[in-house]
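Q: The following comprises the amino acid sequence and a computationally predicted model.
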Amino acid sequence: MTDTNCHEIRIQDKTVQLPGQRVLFEEPMPLDSGLSFGPIEIAYQTYGTLNPDKTNAVLICHALTGDQFVSETHPITEKPGWWSLMVGPGKAIDTEKYFVICSSVIGGCMGSTGPVSISPETGKPYGLNFPVITIGDMVRAQKRLIDHMGIEKLFCVIGGSMGGMQVLQWAVSYPEMVFAAIPIATAPRHTAQNIAFHEVGRQAIMADPDWCHGAYLEKNKVPRAGLSVARMTAHVTYLSEPALHRKFGRRLQDRSNLTYGFDADFQVESYLRHQGYTFVERFDANSYLYITRAMDYFDLAAEHKGRLANAFKDSPVRFCVVSFTSDWLFPTKANRDIVHALNAVAADVSFVEVESDAGHDAFLLDEPEFHETIDGFVKGCAERWFNGHGKGTTS
Amino acid sequence: MTAANNTLRNDLRLIADMIEPDSRVLDIGCDDGALLDFLVHNRAVSGRGVELSQKGVNLCVARGLSVIQGNADTDLQYYPDDAFDYAILSQTIQATNNPRHVLEELLRVGQKAIVSFPNFGHWRVRSSLAFAGRMPVTQSLSFQWYETPNIHFCTVDDFFALCQDMNIRIAKTLFLDERGRQKQLLFPNLTAQQAIFLLHRK
């Protein structure tokens, strides 16, 4: 195992210096596909201080296009961290009390081993030689990191969307290592509709001639058009009709009349093009293929004889499930399925459906009621974990 | 955080007194979690709640209680048999779609059930209908007929009859007067404003 501070990654045609740490695990890791894969490097970032008892750790699991830069200016986009509203001093996940950890998922492109990494066997980027991974594999890799840090039990594991899938996987795979789990705007399995949207994105990437059957890095090309269309499609699924209407309506972009052409006449078109364009600067096309695939394969019940409740049998974990009214990608129904499965085994679960018109993205936005819920749940858990069980104090 | 004994509403305190310490409790229609909070902190129960309103659920979760958004008619089916020692349905049965089914479910998921409800046989209710010819609007039934969530009213005697019909054993009954005080009432069907029943399976 090798620990390193500060590291470089290659993203598109640039080399970027990343803050945070990384750790290299030489020993291969078994994958759900049956393969064994290694060495594996994990890039991660932490906020706050780990207390002497190592009982105040909170693991944050990021979504499909998220990364480890939860609560700081992003090293590439220079925008605020994706969850700086939730995580920071005095926030619901209070970095003055908790030691917050977030690692880039394997298969991603922010420093953890993924298709852009150099294969030790060929000396070239893995590209499509990278094995297909699952949410379970991502979590298995995170567990290596947590073990490496000497943390026996996480106070809390929290995440939205694909991050919520990882939270569920953590609670199911390593229940003894999780005190509280907060899966947000997620599902116990990816639905046909969600797989369908991912397939549209993947086909857009693979139809781009610059994708070069996955070997674009060696040919110094970037499948910009394909990745950008994939992002545009996905982005629509993260919003809602009312949110789009509120933001853009049918307003025109920098013009007073329709042009009777295919320019971006409407503000909504211009916005989506911008989303696609900027996404390409920070994300890798092959990573997009691998991570969307991992989400498609996620089906917790399937691993437990088709009955979701079996996955949670005798779970000691305290759960708080949150959904949003206008989220049609991971609707309340899907989140409620998790709650019902937990009820069926009389597990300890809270569930809140937050009213919002922001769609799936609501979990990233300023939704006061949502933040109050998380704040209250975390405080209630802390009361039990730190006082009730004498497991030590916060830092 | 802890609700002091004297701040708990009287009918809720009477319910709390029926519950053995260290038991498992499900409170359906738990509102802002006052009863559940009291039971968790003062009776060391393992408590869970179900509440319809988002506001109520948020209040409960924010005070550290395990509560889900849901309702008595649709969400009890997901719990296994005997998951709880007590299933509480306080001031809620009159607002359910199918009270008989809800009662069955209470005594399936709970070994015992505690049900409290406003008595529609109270003399004020009767006189409002009999003399004024209007649907009653009283302190405990404070809604106009067109906006009330209470769709299945019953009297104390109606409830006795339903329990008999469903072969449910009534372990205890408590009656409350208009001020919410527990009283030994001679004709509770006429004089009780609220009733609390502790029920067992036969």
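A: Alright, I've got the coordinates. Treat the numbers as computed from the prediction; the structure is a model and nothing was measured. Residues are numbered from 1 along each chain as shown, chains lettered A, B, ... in the order given.
Q: Enumerate the residues of chain A near chain B.
A: A:318, A:320, A:339-340, A:343-346, A:348-355, A:369, A:372-373, A:375-377, A:379-381, A:383-384 (C-beta under 8 Å from any C-beta of the partner chain). From N, CA and C alone the C-beta is placed, and that goes for glycine too.
Q: same thing but 6 Å
A: Neighbours of chain B within chain A, by C-beta under 6 Å from any C-beta of the partner chain: A:339-340, A:343-344, A:346, A:348, A:350-353, A:372-373, A:376-377, A:380, A:383.
Q: which ones among those residues are found in helices?
A: Residues of the residues of chain A next to chain B located in helices (DSSP state H): A:339-340, A:343-344, A:372-373, A:376-377, A:380.
Q: where do the strands sit along chain B?
A: In chain B, the strands defined using DSSP state E lie at B:24-28, B:46-51, B:66-69, B:84-90, B:110-118, B:168-176, B:182-183, B:194-201.
Q: B:R181: how many residues sit nearby?
A: Neighbours of B:R181 under the rule other C-beta atoms under 10 Å in any protein chain shown: 12.
Q: Apologies, that question was intended for B:K183.
A: 15.
Q: Now it. Nearest residue, chain neighbours left out?
A: B:D177 (4.9 Å; C-beta to C-beta, 6 or more residues apart in numbering or on different chains).
Q: Among the residues of chain A next to chain B, name the buried ones.
A: A:339-340, A:343-344, A:346, A:348, A:350-353, A:372-373, A:376-377, A:380 (16 or more other C-beta atoms under 10 Å in any protein chain shown).
Q: Look up the closest residue to the closest residue to chain A within chain B, ignoring the ones flanking it.
A: Nearest residue of chain B to chain A (C-beta to the nearest C-beta) works out as B:G64 at 2.2 Å. The shortest distance from B:G64 to any non-neighbouring residue, by C-beta to C-beta, 6+ apart, is to A:G380 (2.2 Å).
Q: Touching, that neighbour and B:L65? I think so.
A: No. Between A:G380 and B:L65 there is no contact under C-beta atoms under 6 Å: 7.0 Å.
Q: For the closest residue to A:G107 other than its chain neighbours, give me phi and psi.
A: Spatially, and ignoring its direct neighbours in sequence, A:G107 is nearest to A:Y290 (4.2 Å; C-beta to C-beta, 6+ apart). With angles defined as degrees, to the nearest 10, A:Y290 sits at phi -70, psi -40.
Q: of the buried ones among the residues of chain A next to chain B, closest to A:Q267?
A: Of all those, A:Q267 sits closest to A:E353, with 30.6 Å by C-beta to C-beta.
Q: now the closest one: how far from B:C30?
A: Relative to B:C30, A:E353 is positioned 16 Å away (C-beta to C-beta, to the nearest Å).
Q: repeat for A:P39
A: From A:P39 to B:C30 the distance is 51 Å (C-beta to C-beta).
Q: hmm, back to that, how far away is the residue of chain B closest to chain A from B:F38?
A: Distance from B:G64 to B:F38, by C-beta to C-beta: 13 Å.
Q: go on, A:E241?
A: 44 Å.
Q: if you count what's nearby, which of the two comes out ahead?
A: With neighbours defined as other C-beta under 10 Å, A:E241 and B:F38 compare such that B:F38 has more, 23 against 12.
Q: Just the pLDDT at the closest residue to B:G110 other than its chain neighbours, thanks.
A: The shortest distance from B:G110 to any non-neighbouring residue, by C-beta to C-beta, 6+ apart, is to B:A87 (3.1 Å). With respect to pLDDT, B:A87 scores 98.
Q: Tell me how many other residues crowd B:A87.
A: Under the criterion other C-beta under 10 Å, the count of neighbours that B:A87 has is 30.
Q: So for stretch B:48-64, what gets flagged as buried?
A: So, applying 16+ other C-beta under 10 Å, buried residues of stretch B:48-64: B:48-52, B:54, B:56-64.
Q: now, which of the residues you listed lie within helices?
A: B:54, B:56-62.
Q: near chain A too, which of these?
A: Answer for those near chain A (C-beta under 6 Å from any C-beta): B:57-58, B:61-62.
Q: Out of these, which is nearest to A:I11?
A: B:V61 (39.6 Å).
Q: which residues touch the closest one?
A: Contact analysis of B:V61 by C-beta atoms under 6 Å, 6 or more residues apart in numbering or on different chains lists A:350, A:373, A:376-377, B:67.
Q: what's the answer for A:T134, then?
A: With C-beta under 6 Å, 6+ apart, A:T134 has these contacts: A:32, A:294, A:297.
Q: Need phi/psi at the first one.
A: Read that as A:D32. phi -60, psi -30.
Q: Pretty sure it sits against A:G136.
A: Yes. Counting by C-beta under 6 Å, A:D32 touches A:G136, with 5.0 Å between them.
Q: rewinding a little: and the two most separated of the buried ones among the residues of chain A next to chain B?
A: A:A344 and A:E372 (28.3 Å).
Q: Would you pull up how far the worst-scoring helix or strand of chain B on mean pLDDT lies from the middle of the chain?
A: Within chain B, no helix or strand scores below helix B:54-62, which has a mean of 89 by mean pLDDT, DSSP states H and E. On the basis of C-alpha atoms, centre = their mean, to the nearest Å, helix B:54-62 sits 19 Å off its chain's mean C-alpha point.
Q: so it versus strand B:24-28, what angle?
A: Our comparison of helix B:54-62 with strand B:24-28, counting by axes from the mean of the first three to the mean of the last three C-alpha atoms, to 10 degrees, yields an angle of 160 degrees.
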